[in-house]
Structures are given as C-alpha cells and as structure tokens.
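> Predicted coordinates and the sequence they were generated for:
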Amino acid sequence: MKTIIEPFRIKSVEPITFTSREERETILAQGDYNLFLIRAEHVLIDLLTDSGTSAMSAEQWAGMMRGDESYAGARSFYRFEERVRSLTGMRHIIPTHQGRAAEKILFSIMGGPGKVVPNNSHFDTTRANVEFSGAEAVDLPCEAGKDPDTIADFKGNMDVAALEDFIARTGRERIPLCMLTITNNSGGGQPVSMANIRAVREVCTRHGIPLFLDACRFAENAYFIKLREPGYADTSVASIAREMFSYADGVTMSAKKDALVNMGGFLALNDDAVAASARNLLIVTEGFPTYGGLAGRDLEAIAQGLDEILDEHYLQYRIRSVAYLGDRLVSAGVPILRPPGGHAIYLNAKKFLPHIPVDEYPGQALSIELYLAAGIRSVEIGSVMFGTYDRSGALIPARMELVRLAIPRRVYTQSHIDYVIEAVLEVFENRDALRGVRIVEEPPMLRHFTAKFKKVV
C-alpha cells in the first residue's frame, strides 16, 4: 500500500469552536494582535506550537493512574530514570517541569558574565536562559541552513569550521559548553546529521569543551538520519538515538515534544560535580530530586512516551504528514523553508509579503491574517522573536522572517491539514492587500510572548 495512515485509532475527541471573521477581528484587537494573548477556545486549528500539545495514548493515561505521588523516592521516578538512562546513557537523570527549567539550572551553573555558548541555533528560551545568566549566545549554522530555498538533507548542522574559528578567536576558557539543537527549531525544524554530531564532538574533545544536546525532538532527528544518511538505512531509530546521545556530555530536554506529554522535561549529565550543583538548585527552584517539579503521574507518562516515540510506524507517519502540508504549499507556489522539517512547516514571510519591510514584521502580519482568514493560530519566528536593537534603537533583524505552522502530535487529521492548506492559499492569493504591524509595548526578554502590536494603516 502507498497510503501512509495514522498508526493509531482515535478513542476520545474534543470539540473545537467555529468563529466568524468579524468575531476574530474583535478577538485579535482585544489581544493586541498577539496570538499568544488570545484564548485557545477562540482558535479553530492551533499550530502555535508542538510543545505540550500532543494527544497522549491509552497507555500513557493508564500510567497517569499508576503514578506514585510519594514526595521522595517514588517508584514512578525510578521508572522514569531507568527509561531516560537507557536512552541517553547518562549517569545523572534530573527531572524538571519543562525544558526551560533544565536550561535555567544548567546555565545558572555553567553560564555567567564573560562566557559564550555556541550552538547550531539557539531557540528562544535557550537563548534567554544563556543571556539571563550574563553569558552570550552565538549561533553557528551551516551555510545551507542560512538560506530558506537551499535543498539539503541536513540543514540543521553546525558549521564545524566556524566552530573551530570561534574557539580560536574567543578562547576555550570562555566557552563553558557547546550545544547542538536537534532538530534545529529556529532553523526550520531541520535535522542534524550523525556525521556533524561526531565532528562537533571531535572539536569539543580536542579543546576540552563539554558537548550538550538540546534533544526535545531527538526521535524526529534520528528518523531523518535513518532516511537520509548513508549507512543508517538498516539501523533502528532507537539505536540511532542512542548513538547520538553517546557523543554528548549532557542533555536538556523538553519532554513536551518527543516524549508526547503535556508537561515535563529533564537534565541528564555525566559530570558528578555539575549534577550535584544541579540537584541543589533543583531543590530550591523545582522540587526534590526524585520529582523535580513533576507529579508521579507525569513521570509515568514521560517514561511511556519515550517508548512510543521510537515506533518507526509513528515516525514515518509524523514526518510524511508534515511533508504533505509542505509539498502541497510548494506545488501552489507558496514560499516555505525547504525541505519540510520534522515538526512544522515554516512559511517564508519575507518572500510571501515582500512589500512589508522587516521593521513592520511581515511574519507577525502573516500570522495575524491566517487567524483572521481561517481561525488558524501560528507563530512568528523572525524579527519579533529574534530581532534585537543597536545602540541607536534601530532594529537588527533576524536572519530569516518565518511563520511556523507547528503540528501537534497525534491531534489533527488529514482533513484538518487540508483546511490549513486551503487557508494559506487563500491568504497567498490576497497577499498584496496585507499591511505590517508596529510594536507598541514589549518586555525586555522573550518579547514575542507578551508584546502588543498595532496594525500599520
């Protein structure tokens, strides 16, 4: 059979709300044209994020009922610890309530003023936690990853030569660790090859720099390696994932992505001293080391989800269903970041709306119009999220102006995606009428979550 079907049956459903364009106009105005500030009940198809939005399985819900809620030493923690350790090979497994909490603990210990952290591409909370510690976050994407139109198998790779040059210019003593984000979210959900992970590992080893993986989409990355990298076609995704982790000294993970849960994460480490410091911080900020801000039922759900995510029938369906959306848009002439990534399609807002200048945020304008036209919530990944200001207050734009359509796992069917396609094509046909937006209020960090906008007339 050629048709790739959902490798599950739907056992429970949740109604969604239909609104008119006039109603959505009012809703958006009340939310200051920031899609984070509108109620979920007013969204028809929610593609804001794939984080914490998965539909859990019957076995995960059963695990929730089995959860041991003891404050210390709960059996649910030991099941969670065993599952994460068997996957990552790390000695110390520290649960946290989500990925950014793991990042906060890690960079509170290893960051600080004068430090610089290289990454293939930091995503928003990783960058914020690096910078909150006083350190500097530096992106070193490969050349193919800088161009939305370049077709390459592993556009998420780090530029290894640039890393070597960066270490030489910066000095090893200022670099507490190096990170690889897999898959590369801000780079379009693009995968990182095993060869690139090994090459970065070799550079880090030679200079005595620990290598960490931001592994929230590790299974999708592993499946891309199986599909695209020579020598891995006959290797199981589980084995590929374990090899990926074997090159790392530590791991941060938001379990809200590839562990198929609504809340949770972890920090995994091999360094005894760093782990001891991390557990001390955990007690102050998250909870006792065997629950780390999570209920026992959440630990059970993560342990089960880490098994389910490695099902290759599921991964085949996941990657292909995202590509289906991308392929249909490309065939209609809609500019997207190519090739399709693992968890999302990224509309190229700069090409979609070339008449809107970057300081009027074409990605935000496009996200607003998708909601107005069809009730679809997306997220801008461009100069709202990653733009900065120079000393004069002028905008330093992001490298790319994108709108991410992040697909929640096991939530929407093909008919939902067909509706999204129709909506994007309708907006594309009327794109010349769209106008940009201005920021009228913003916080000092992570402004995209709470900034307020006004339409340019």
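Looks like it arrived, so ask away.
> Distance check, Ala365 against Arg435.
From Ala365 over to Arg435 the distance is 7 Å, taken as C-beta to C-beta, to the nearest Å. C-beta: built from backbone N, CA, C; applies to glycine.
> what is in contact with these two at once?
Listed as contacting both Ala365 and Arg435 by C-beta atoms under 8 Å, 6 or more residues apart in numbering are Ile356.
> Look at these two and report which has more neighbours.
Ala365 (26 against 14; other C-beta atoms under 10 Å).
> out of everything not next to it in sequence, what's closest to that one?
Gly436 (5.0 Å; C-beta to C-beta, 6 or more residues apart in numbering).
> Contacts only, for that neighbour.
Each residue near Gly436 by C-beta under 8 Å, 6+ apart is listed here: Leu353, Ile356, Pro357, Glu360, Tyr361, Pro362, Gln364, Ala365, Lys455, Val456.
> 7 Å instead, please
By C-beta atoms under 7 Å, 6 or more residues apart in numbering, Gly436 lies in contact with Ile356, Pro357, Glu360, Tyr361, Pro362, Ala365, Val456.
> what about Gly145, how many residues close to it?
So Gly145, with other C-beta under 10 Å, has 28 neighbours.
> next one: the one 10 residues further on
When neighbours are defined as other C-beta under 10 Å, Lys155 has 28 of them.
> Over to Asp258?
31.
> Setting aside sequence neighbours, what's the nearest residue to the residue most central in space within the chain?
The centre of the chain sits closest to Asn185, judged by C-alpha atoms, centre = their mean, with a distance of 4.7 Å. Distance criterion C-beta to C-beta, 6+ apart; nearest residue to Asn185, sequence neighbours excluded, is Phe123 at 4.6 Å.
> wait, the one you found sits on Thr183?
No - Phe123 lies out of contact with Thr183 (C-beta atoms under 7 Å); the separation is 10.5 Å.
> care to break the chain down by domain?
21-50+311-455, 58-308 (automatic domain parsing).
> Glu14 is nearest to which of those domains?
With C-beta to C-beta, the closest approach to Glu14 among those belongs to domain 21-50+311-455: 9.2 Å.
> and the closest one, what's its mean pLDDT?
For domain 21-50+311-455, mean pLDDT rounds to 95.
> which one of the contacts of Gly436 is nearest Arg320?
Pro362 (29.5 Å).
> and the closest one, how many neighbours?
30.
> Would you list the phi and psi of it?
Backbone torsions of Pro362, given as degrees, to the nearest 10, read phi -60, psi -30.
> Could you find the closest non-adjacent residue to Asp139?
Nearest residue to Asp139, sequence neighbours excluded (C-beta to C-beta, 6+ apart): Ser121, at 4.8 Å.
> from what I can see the one you found touches Gly189, true?
No - if you go by C-beta under 7 Å, Ser121 and Gly189 don't touch, sitting 10.9 Å apart.
> Would you map the strands across the stretch 251-400 of the chain?
With strands called from DSSP state E, counting those that start in this stretch, the stretch 251-400 of the chain shows them at 265-269, 344-348, 376-377, 379-381, 388-389, 395-396.
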